[in-house]
Structures are given as C-alpha cells and as structure tokens.
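>>> Just a sequence and a predicted model for now, questions to come.
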Amino acid sequence: MLSRGIPPESILAMTFTNKAAGEMKERVKEILGEGAGKTASALTISTFHAFGLSVLRRYGRLLGYRPNFTVYDTGDQVALLKEAARELRIDPEELEVYNLLQLFSGIKTERITWQDERWYAMLNPSGKSSQDKSGEEPSRGAGSISTFQELYRSYQEHLITFNAVDFDDLIMQPLTLFREHPKVQGHYADLYRYVLVDEFQDTSTPQYNLLYQIAREWKNVCVVGDDDQSIYSWRGADYSNIERFEKDFPRVKEIKLERNYRSTGGILSAANAVISNNTNRKEKALWTQIDEGNLLELSFPDDDGAEASFIAEKIKLRAYQESLAYDSFGILIRTNSQARVIEEALLEADIPYRMSGGQSFFQRKEIKDIAGYLRIILNPDDDVSLLRTINTPRRGIGRRTVEALHEIADERKISLYSAITLAVHREVDHSIGKGPLGALEEYLELTARYQERFSESKHLAATTERLATEIDYWGYLVQEFQKSERAAKAKWKNIGFFIRSIDRYEQNPDVLEPTLQGYLNRISLQTRDELSPEEAAGKVNLMTIHAAKGLEFDVVFLAGVEEGIIPHQRAVEESEGNLEEERRLFYVAITRARQQLYMTSCRRRQVQGEMIEAVPSPFIEEIPAELMLKTLADPTAGVEMPEDPFAALKAHFGS
DNA sequence: GATGCCGTGTTTTTT
DNA sequence: ACACGGCATC
C-alpha cells in the first residue's frame, strides 16, 4: 500500500492482541527496510481495545469522563462489584462474582438482554446461591433478576463516580461517542481511509460496528480471517461477521489463501484431518509445496514433571545438535496452570525462555500495590486503587475507619478520596479517631506531594522509585514475609523490574511524549510487559495456545494433550458446541509448527495438589496414524544429553 | 487496629 | 498447592 503512495498516517490496522500488533509493527519495519522506522510508526497499528482507549482519551470528556480516567481490569472489576454489593447490603459471598461479571459484560455489549434466560443457567450452574429461604434474612436474596439489575446499575454508577472504564467500555463508549457526536466519527472516518483487520474471525459485534463506523465512507477495507481459527467465541467473537462484511461492503473481492508457506506436508495433513471433523465451516483445500517432513511425535510421560523435563531435554539436545536458536522453539499449553512445572524444568536446565500471556506480571500483588499509588495520584476518585493503597503499607487505617469513610462517601455520592478530604478538614461529622485521622492526613499529603512531583518531573521511573522508598515498601515486604526472606526479595525484585519497565517506556523512541497516564494505559491493556525484540531473541517461547495464534515456530511442543485439558473439561461441560471450538484450538496449536511437532500426553498429572490419572485426548485419534510416531515408553527414560564439555573438569575439581 | 491460623474454593482461554 | 477471607487473639 505504501508503495502506491498512500500516506502511512491514513492507514489503520487492527489486531486483537498486543503481541500481534507488535509483530505486525516489526514486519512493517522489516519490509520497509532500515531507516523507515519513522514511516512505519506513522501507521496506526493497534488492538481494538487500545484504539478505543485512544479515542476516549481524546474525546472522552464529551461523554463526561474527566481527564486521567482509569482502566479497570478484571481484578478491579471484582473489587468494584463487591463494593457495589456491600452498599446494597448484599453479601458478596452469595454472588458468583466471576459469572456475574460475564453477565454484565454480555448486557453491556448487547450480546444478551435481561429478558434472555440464557444467563440464568450461567449464573447458577452449581445451584450455589439463589434459593436461600431458610431462617431469617441476614442479607438480601442474591439470586433474582431485580437484584442483578440493581447491582448492574450500581456497578455502572460507580464506574462513573470513580472516573473509570472497564474493558467493554473501551469498545462501547467510542461507539456511543460516534453516535452522539457525528463530527468525531467523521474525524476518524476521514483520517483512516484504509482499514485492515487481522484475524477477522475474532471480531465481536461491537468491534465490527466500530470498524464499520470508521470504514463506511471510503470502503477501503481489507480483512483477513480463517473461520477454522476462531477461538474467542467465549468473549463475543462471532465469525458470522464475515457475512455482515460481505453485505456491508458489496463490492467485496474474496481471495482464498489456500497455499500454506509455513508447515511441512505432514503437519498440514494432520491439521487438515483434525479440522475436517468440524461441521460448521467453510470448506477449503490447503496445500503446500514443502515436503512431507518428519513424522509428528507423540509420547507418554509418567507425569507432568516428566513431561516438563522431556521438553527441556529435547530442546537442549536439538539446540545443541542442530545449532538451533532457542527462539525457534515454542511450547504450547492449554491452561496457564501448566506453565509452572515447565518453567521449573527450563530453569533447571538453564534454558532461557519467556512466558507470554496469562497471569500477567502486572497482576501481581506487589505490582498492583505500587501501580495503585500511581493510579490514585493520577485519578484520586478511583476508589478501587484507594482501598488497595490506603493501608498498604500499614499506616493504622483499619476496617472501622474505612467504614466511616464509606458512610460519608455513600451519603454524598462522592469518592472516598473526597470523603477523606472532608473528614480531614473537619467539614463533616465523623467518628474517626485521632490516630487514624492523622494517618489519613498523611495519606492525603503523600498523594498530593506526588501529584506535584509527577507533574513537575519528567523522570517517571525515578519518581516512582522515590515513592516506593518513601512509603518504605521494602520494609512492608520484610514485615509481611517474615517467614520467607526469599519471597520478600523476589517481590522487591519485581518492583525493580516494574520501575525499569517505566524507564524503558520513557526511553522508547516510539513514545512521543511519555506520561504517567500513557504508561498506566499501556500496562492495563497488556497482559505482560512485552520484551523488546533484542531481549526476546534467543529465548524459548512458552505460552498458551490462545496467545500463540498468529505465531509460528520451527519446533513446537504441545503439552498436556489429554482429555480434560484439550478439549478442556469445563468447555465441554458448558455446552456440547464448545467441542468444535476446542478442536479449532487443537488445530491452531498443530499449525504453529513449521518443521516438527511433539505432543505429550501424561499418564498421570498433578492437579490442585493431587495426583490424578490422565487419559490421552480424543483428538489424537483424529490424526492419521501414518503421520505420527508414538513413543510408548516414558520419553525421558532414553534421552541422552550432549556431553557437557566441562563435565570431566567439574568432576575432577568437585564443583 | 494488627497479627496469625485455619478452612475453603479454584480461572479455561484475554482485552 | 495455594491464595484468600474469616475469626480469634494480642
């Protein structure tokens, strides 16, 4: 496109994960060649959510958002919902918070309505809550429609009071903005005359609407997708958007991409055979000119520990024998919980790796604590961050004090921070004692001081470091983890890492004007701090199958090919139709491999601290036997390691 | 108000 | 296995 003289700033490319956006940026730079960095960064390459956020940052005030609003992640949403419940005198224990948030998400994105009965099954699968007619009424019944509606309303009101948005708002609010302010819609539609969407099968209806609002005038849209790789239906992805697309842009030209340039013939045949078991799909005939290649290998380790060491040893062996770089290996897992054992084995074997996706670095408590301070400094109305930081590290503000503050805040519909200000300045009657009141005053002073420091200083990282020192977070960690100095140290190390990541952000030439807000935005939409390309080089890639979509590796290990893991037990329990999505997931995993695929199916596996018997995944049967080499014995038994050239010396000197 | 211990449940996948 | 919340105790 650029070669045709199209100005780069008129191009908008949408992806679904930060990882994909990052890869795309890299590839654009590569294609444009050296020195084209500037041209490449003139393109807008963004996830849908990050794009929505930038729209709100710019025009959010038209919807009543104050500057520096906060983006709430799932953890914050849970905290907010519990707050809302507390205020309505509903016992949060009676709520299935996680499912309730799913319901709210469905309502907000208009996937479900209150009239819909679908959500009811979703909320009471175990029959845990609802009919609690026994005895008196300690709290209100938590299972009725009106209660849920009331909670939803309160949840929404609180978001506004706290000057915060949730992930769904990042898509829905820009749509509202476009509807109520056609000029804003016009601005974006005019700016982006060329729109591209990668992994189009993963668009949700609101995301599609957003895309449509931007592209409807110029109609220069290019979408790439594969219905066989649709693996996000659980969060609203709907590949029937492909049909809507054909209707909305009638002059559509369809190009089938059936030639595969990635995988060996054997891998492709296996993948094709598996996916052909799905009923609901566009028929296609993928082919490749690459030769058959090696057989797929399937082995049966005794347990997940053996599986992990098999993978580690195999990687070491092949890296050594074939001089393969570590970053040409990918280890794919279905669930994040599989990662731990594998990480341990990689560490043990001294193999550099990176884990992406999943339990984010930024979700760790110590990081959320410090980030909580940054958030409250930026947006004092953010009650969730206030509650997180008000007594961490401990400063003598306990339950009673917080309750008193809540009373002031609830009554006036103001944030807790405002309530503290009133209390400290004696502008309101309250029952807060002298000690806690002094502590509150100090808290106010601290946040005010850093508000100033952050606005004056351009050194975000240094200022954050100063803050961490001033609140004596290290002292707090030592106190909290008296039993494990190691844990305290590890957490403090994470704080150091966090501060360095702020520093990296500040130094990043792609960021024109680094701000605290910009940094916090970035981390709230990022599952894990993406390593810079240099840092990622030479490292084995460990990730979930979901996170691996769109990526490829010479050698892929697929761990835990067992019934209950893939297909995942909860997925099949939920609904029969989910089996096809699980199969697509398996298909995506297979097709990540260029040269070789290793699968492992453990005989037993440690799950939630208990050893359970495991059974191979039924999907294995769908791979033609002649494409696969089955190793019946425990693969770790026969693995020979390359001789350590220093082994003899080490033995000699007894090191 | 802080601290320590015990019982309970658990997120499948991600923005 | 592990984190989290509740509860008793200092």
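Cool, got the structure. Numbers count the residues shown, from 1 in each chain, chains lettered A, B, ... in the order given.

>>> Provide a list of residues in contact with the closest residue to DNA strand C within chain A.
As assessed by Cβ to the nearest atom of the strand, DNA strand C sits closest to A:Gly609 within chain A, at 2.7 Å. (Glycine included, C-beta is placed from N, CA and C.) Going by Cβ atoms under 8 Å, 6 or more residues apart in numbering, A:Gly609 touches no other residue.

>>> what pLDDT does it get?
pLDDT recorded at A:Gly609 is 82.

>>> Kindly provide the distance from it to A:Glu562.
18 Å (Cβ to Cβ, to the nearest Å).

>>> and A:Asp503, what is it in contact with?
Counted by Cβ under 8 Å, 6+ apart, A:Asp503 has contacts A:460-461.

>>> now it, what's its secondary structure?
The local conformation at A:Asp503, judged by DSSP: H, G, I helix; E, B strand; the rest coil, is helix.

>>> I'd like to know how far A:Pro182 sits from A:Val221.
Taken as Cβ to Cβ, the span from A:Pro182 to A:Val221 is 20 Å.

>>> who has more neighbours, those two?
When neighbours are counted by other Cβ atoms under 10 Å, A:Pro182 and A:Val221 differ, and A:Val221 comes out ahead with 20 against 11.

>>> Beta-bridge partners for the more buried one, please?
For A:Val221, the beta-bridge partners are A:Val195 (DSSP bridges).

>>> so it touches A:Val195, yeah?
Yes: at 4.9 Å, A:Val221 and A:Val195 qualify as touching, with contact defined as Cβ atoms under 8 Å.

>>> Overlap of the contact sets of these two?
With Cβ under 8 Å, 6+ apart, A:Val221 and A:Val195 have common neighbours A:211, A:215.

>>> mind listing what's buried in stretch A:212-229?
By 16 or more other Cβ atoms under 10 Å, the buried positions in stretch A:212-229 come out as A:212-215, A:220-221, A:223, A:225-229.

>>> Restricted to helices, list those residues.
Among those, DSSP state H puts A:212-215 in helices.

>>> For burial, what's the neighbour tally of the residue in the stretch 101-250 of chain A positioned nearest to DNA strand B?
For the stretch 101-250 of chain A and DNA strand B, the shortest gap (Cβ to the nearest atom of the strand) falls at A:Phe167, measuring 3.6 Å. When neighbours are counted by other Cβ under 10 Å, A:Phe167 registers 21.

>>> repeat for A:Asp327
17.

>>> That one and A:Leu542 touch, don't they?
No: using Cβ under 8 Å, A:Asp327 is not in contact with A:Leu542, being 11.6 Å away.

>>> So is whichever helix or strand A:Leu317 is part of next to DNA strand C?
Here A:Leu317, judged by DSSP states H and E, is contained in helix A:304-322. No: against DNA strand C, helix A:304-322 shows no contacts by Cβ under 7 Å from any atom of the strand, the least distance being 11.8 Å.

>>> Packing partners of that helix?
strand A:329-333, helix A:339-348, strand A:553-558, strand A:593-600, strand A:604-607 (3 or more Cβ pairs under 8 Å, 6 or more residues apart in numbering; DSSP states H and E).

>>> Compute the inter-axis angle for it and strand A:593-600.
When axes from the mean of the first three to the mean of the last three Cα atoms, to 10 degrees is applied, the directions of helix A:304-322 and strand A:593-600 differ by 150 degrees.

>>> re earlier: okay if I get the buried residues of stretch A:212-229 as CSV plus pLDDT and distance to A:Arg592?
Listed next are the buried residues of stretch A:212-229 as CSV, based on pLDDT from 0 to 100; distance: Cβ to Cβ, whole Å:
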residue, pLDDT, distance to A:Arg592
A:Tyr212, 96, 31
A:Gln213, 96, 34
A:Ile214, 95, 31
A:Ala215, 93, 30
A:Asn220, 92, 31
A:Val221, 94, 28
A:Val223, 94, 22
A:Gly225, 91, 17
A:Asp226, 92, 13
A:Asp227, 91, 18
A:Asp228, 93, 14
A:Gln229, 94, 11
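
>>> Now the two most distant members of the residues you listed.
A:Gln213 and A:Asp228 (28.5 Å; Cβ to Cβ).
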